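Asks: here is a sequence with its predicted model. Questions after.
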Amino acid sequence: GAPVVLLTSPYHVMGWPQPITVSRSQYNPRWIDRWNELLRENAAANPGRVQVLDLNRFLDPSGHWTDTVNGVHVRGPDLMHLNDAGADVTAQWMLPQLLMIRAGACYDVAHPPGTSTQTAVHRPGPACAHATPVDAFVDATAGVQRVAASARSERVDH
């Protein structure tokens, strides 16, 4: 079957007061860290079939919630979901990796994409036996540029 790609969860903060116990909610960074750890454990237990893309590290590179990535404001008014600019930069980060995975690149679970030590390796075997990661990356980069340009030209503000 097709490879399964899991996205880690970024950190969350409340955009407005809510009647919840923060320590027992998605706003608790320790819960997010544990969830992400479980995703990595799942991928490690299913090599070649399940991979993790570290959305948490991409959106929150310092290990805590932030609303900017490389100087781009990425969060919407609720401070949780992505705004249009956030969706664009996340797609530009994610799409090449998804296409590389589709082409057969397998990521080292200890150093998943989005980390400072990310490493794509091309492993022989049924899950990783197609195009080279370099070819996939070149194709993916061109694809991201086409998708982003198309989305911008078709976007209609209501």
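Replies: Okay, I see it. Worth saying up front: this structure is predicted, and the values here are computed from it rather than measured.

Asks: and the pLDDT for Ala2?
Replies: If you check Ala2, the pLDDT there is 84.

Asks: likewise for the one 10 residues further on?
Replies: Residue-level confidence at His12 comes out at 95, pLDDT.

Asks: residues contacting it?
Replies: By Cβ atoms under 8 Å, 6 or more residues apart in numbering, His12 lies in contact with 26-27, 32, 65, 79-80. Heads up, the C-betas are built off the backbone N, CA and C, glycines and all.

Asks: among those residues, which ones are buried?
Replies: For the contacts of His12, a burial check counting by 16 or more other Cβ atoms under 10 Å picks out 27, 32, 65, 80.

Asks: just send those back as JSON lines, with distance to Val5 too.
Replies: Shown next, in JSON lines, are the buried ones among the contacts of His12 (distance: Cβ to Cβ, whole Å):
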{"residue": "Tyr27", "distance to Val5": "25"}
{"residue": "Ile32", "distance to Val5": "19"}
{"residue": "Trp65", "distance to Val5": "23"}
{"residue": "Met80", "distance to Val5": "21"}
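
Asks: hang on, the earlier thing: biggest separation within the contacts of His12, which pair?
Replies: Longest distance between any two of those is 14.3 Å, between Ile32 and Leu79; criterion Cβ to Cβ.

Asks: Gly1: which of the buried ones among the contacts of His12 is nearest?
Replies: Closest to Gly1, out of all of the buried ones among the contacts of His12 and judged by Cβ to Cβ, is Ile32, at 28.7 Å.

Asks: wait, a strand at that closest one?
Replies: No - per DSSP: H, G, I helix; E, B strand; the rest coil, Ile32 lies outside any strand segment and is helix.

Asks: how about the contacts made by it?
Replies: Here Ile32 is in contact with 9-12, 26, 56 (criterion: Cβ under 8 Å, 6+ apart).

Asks: can you tell me which of these are in helices?
Replies: Using DSSP state H, the subset of those located in helices is Asn56.

Asks: determine which two of the contacts of Ile32 are furthest apart.
Replies: The distance between the two most remote of the contacts of Ile32 (Cβ to Cβ) is 12.4 Å, for Gln26 and Asn56.

Asks: shared neighbours of these two, anything?
Replies: 9, 32.

Asks: the bottom helix or strand of this structure by mean pLDDT?
Replies: Across the helices and strands of the chain, mean confidence by mean pLDDT, DSSP states H and E is lowest for strand 120-122: a mean of 44.
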